[in-house]
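Novice: make a model of this:
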Amino acid sequence: MKKNVAVVMGGYSSEYVISMQSGNVIYNHVDREKFTPYRVVIERKSWYVLLEDETKIEIDKNDFSFILDGAKVTFDVAYNVIHGTPGEDGKLPGYWDMLEIPYTSCAPFEAALTFNKRECIAVARQYNIPTAESVFLSAGDQYDTQEIIDKVGLPCFVKPNRAGSSFGVSKVKEAAQLPEAIAVALKEDSQILIESFLDGVEVSVGTMKKEGEIFVFPMTEIRTENEFFDFQAKYEGGAQEITPAEVPDNVTQTVRELAAKVYKAMNLRGIVRTDFIIVDGKPNMLEINTIPGMSTESILPQQARYLGISLEELVTFALESTLHDAVSVS
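Specialist: Okay, the predicted model is just below:
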C-alpha cells in the first residue's frame, strides 16, 4: 500500500514564497507509484491541504489529519520544505515527534541550533570549525559603533540571527552605515549578528546520510557581481553557480571533509547544505541550511544532477530513508 506524504510548505517568515516554490517542486517530483503526496500549507491563520483543483481542506492539528470525501486521511511521513519558522527552527519537528510522524529534516534541537547563527557558531568553534569574527546584538541593546568595527573590521555583514534567503542582510563599508544596517536586520529578527567580511571564494556543498555513512555531494562555486550572494543573486539570476567548483583538488578535499565534520558534529539528519568561504585555501563555515532550496535550479539539485541523480530519485531517497530510520528506531 502506498504511503501518504505531507509535502509541508509555507511558514510564518519572509521565506514563505520561496518555501512554496520549493514545496511545489518537491510535490511534483514525488514518485506516484510509491507514494500519495498532498500539499500541506502552513500559515499563521490556517493549516490546510491544497488539492489539485486549489480546494483548501483544513488540517486537524490534534493529529495532523484531514477529511477527504468523508474519510479521514493521516500521513505516514512529512517532507519538510519550510524555510524559516516553524519548519526550519525545530517547532514543527517537535510537533511531529509528539505525534510520532516521521519527517525528512533535522530533529528539534539540532534544527533550532543550526537556525540560530550565534549558537551554531559557538558550537562550531568547539569543534575547531573556522568561522568569521562576529558580534551579537539583541533589540534594545546599547552598542558602540567603533567597538564593533574594531572587532569585526570593515567591510562587515549585518544579518538577522534567525532568518535565511539573505532577507535583512546588509554589507557595511563605512562605520556610518552600521546603525541603518542594524535597523534593517532588526525588522526580520529581534537578534542580529555582525560578522567580519571574508574575501574569498564562496562555495556550497550538500551532505546526507547514505547507508549509515555521511555522503558529500559535489561542491558548487558561487560567483556574483552583486555585493554578496543576496536575494536577487540567489533567486533572480544574479549569480553563476558552477558545479563542480573550479578550485584546486586539495582545497576541494578539505571543504568536503569539513562539510562531513559539520554534519557529524552538529548531529544533523536528512539532506543538508553548508556554505563556506575559502580564504587563502582555508574554508570558513558561513551557515548551515537544514531545509535547503529544492527548486529544479537550486544548488543541491544541481549537485545531484551532476552525479546523474534526478530530483525524483533524490526525493524518493529522502522519503524512503526517513521511513526506514523510523522503523529502525521503533
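
Novice: give me the neighbour count for residue 246.
Specialist: Neighbour count for residue 246, taken as other CB atoms under 10 Å: 12. Just so you know, the C-beta spots here come from the backbone N, C-alpha and C atoms, and that holds for glycine as well.

Novice: and for the one 3 residues further on?
Specialist: For residue 249, the tally of surrounding residues (other CB under 10 Å) stands at 7.

Novice: got the phi/psi numbers for it?
Specialist: phi -60, psi -40 (degrees, to the nearest 10).

Novice: now residue 70
Specialist: Residue 70 adopts backbone torsions of phi 80, psi 0, taken as degrees, to the nearest 10.

Novice: select the longest strand from the protein.
Specialist: Looking across the chain with DSSP state E, the single longest strand is strand 213-224.

Novice: may I have it exported as PDB, CA atoms only?
Specialist: In PDB, the C-alpha atoms belonging to strand 213-224 read as follows (Å, rounded to 0.1, in the frame of the first residue of the first chain):
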ATOM      1  CA  GLU A 213      27.800   6.900   6.100                       C
ATOM      2  CA  ILE A 214      27.900  10.700   5.500                       C
ATOM      3  CA  PHE A 215      27.700  11.300   1.800                       C
ATOM      4  CA  VAL A 216      29.100  14.500   0.400                       C
ATOM      5  CA  PHE A 217      27.800  16.000  -2.900                       C
ATOM      6  CA  PRO A 218      30.000  17.800  -5.400                       C
ATOM      7  CA  MET A 219      30.800  21.300  -4.400                       C
ATOM      8  CA  THR A 220      29.200  24.400  -6.100                       C
ATOM      9  CA  GLU A 221      31.100  27.600  -6.500                       C
ATOM     10  CA  ILE A 222      29.100  30.800  -6.300                       C
ATOM     11  CA  ARG A 223      30.100  33.800  -8.300                       C
ATOM     12  CA  THR A 224      28.100  37.000  -8.100                       C
END
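
Novice: now do it: distance to the chain's middle.
Specialist: Mean C-alpha position of strand 213-224 versus that of the full chain (CA atoms, centre = their mean, to the nearest Å) differs by 14 Å.
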